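Enquirer: sequence unknown, structure follows:
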C-alpha cells in the first residue's frame, strides 16, 4: 500500500514524527521560574521591552500573588474593558446612517407586527430578511427561552441593523460594525 505520492505508511509515519518534533516551544514564566515545552525561546525579545532594557510584563491579578518588580499595572476594570474591546461599536457615518434609515423603518414595522403574537426564531429571521432586503441565513437571532425578549442583527452593507422586541416594545436602529469586524462577535469569542 502506498500513500503520500508513493511513500509507504511506515515512511509516512516517520516523516510525520520528524515534522511534529520540530514544533516544540518553551515558555518561561518569570513569576514561577518554570519552563515548559521544547526549544528555549527565552532569548527572544519581548514586544514590551522598554528603551532597550529588560522586558516589562503586566502585573498579575492581585489574587495571583506578589507582583514581580518592575511590572506594568492597571485596574481590573481596565482588564475587563480590554478583554471586551472586540465588541465595541465603531462610529457610523451620517451618510451610512441615512442610507440605512429606510431599512430601519422597515425593520421596525416588521417587528411591530410580530410583537403581539408568539415569537419564534424562524419567523423573526424571515421577517427581518424581508424587511432589510437580505437573505434569512444572514440574520442573527437571539430569542429568550420565555420569548419575552428577541433581538435580530443583520449586516447591511454600510453598517448593522439591529431590532429588539422586549415585552412587546419594539426598537430598531442602525449602528457601526464592531471592532472584531461584522455585526456580532465571532463564535467562541
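Expert: Cool, the structure landed. All of these numbers come straight from a predicted model, not from anything done at the bench.
Enquirer: which outside residues touch the host helix or strand of residue 95?
Expert: For residue 95, the host element (DSSP states H and E) is helix 94-115. With contact meaning C-beta atoms under 8 Å, 6 or more residues apart in numbering, helix 94-115 is reached by 123-124, 127-128, 130-133, 152, 156-159, 161, 163-165, 168-174, 176. Backbone N, C-alpha and C define where each C-beta goes, glycine included.
Enquirer: show me where this structure has strands.
Expert: 26-29, 34-37, 140-143, 149-155, 160-166, 169-175 (DSSP state E).
Enquirer: now these in JSON lines, with mean neighbour count and distance to residue 182?
Expert: Below are the strands of the chain laid out as JSON lines (neighbours: other C-beta atoms under 10 Å; distance: least, C-beta to C-beta, whole Å):
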{"stretch": "strand 26-29", "mean neighbour count": "12", "distance to residue 182": "32"}
{"stretch": "strand 34-37", "mean neighbour count": "11", "distance to residue 182": "34"}
{"stretch": "strand 140-143", "mean neighbour count": "16", "distance to residue 182": "9"}
{"stretch": "strand 149-155", "mean neighbour count": "21", "distance to residue 182": "6"}
{"stretch": "strand 160-166", "mean neighbour count": "21", "distance to residue 182": "8"}
{"stretch": "strand 169-175", "mean neighbour count": "17", "distance to residue 182": "12"}
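Enquirer: which one of those lies nearest to residue 66?
Expert: With C-beta to C-beta as the criterion, residue 66 lies closest to strand 26-29 of the strands of the chain, at 14.2 Å.
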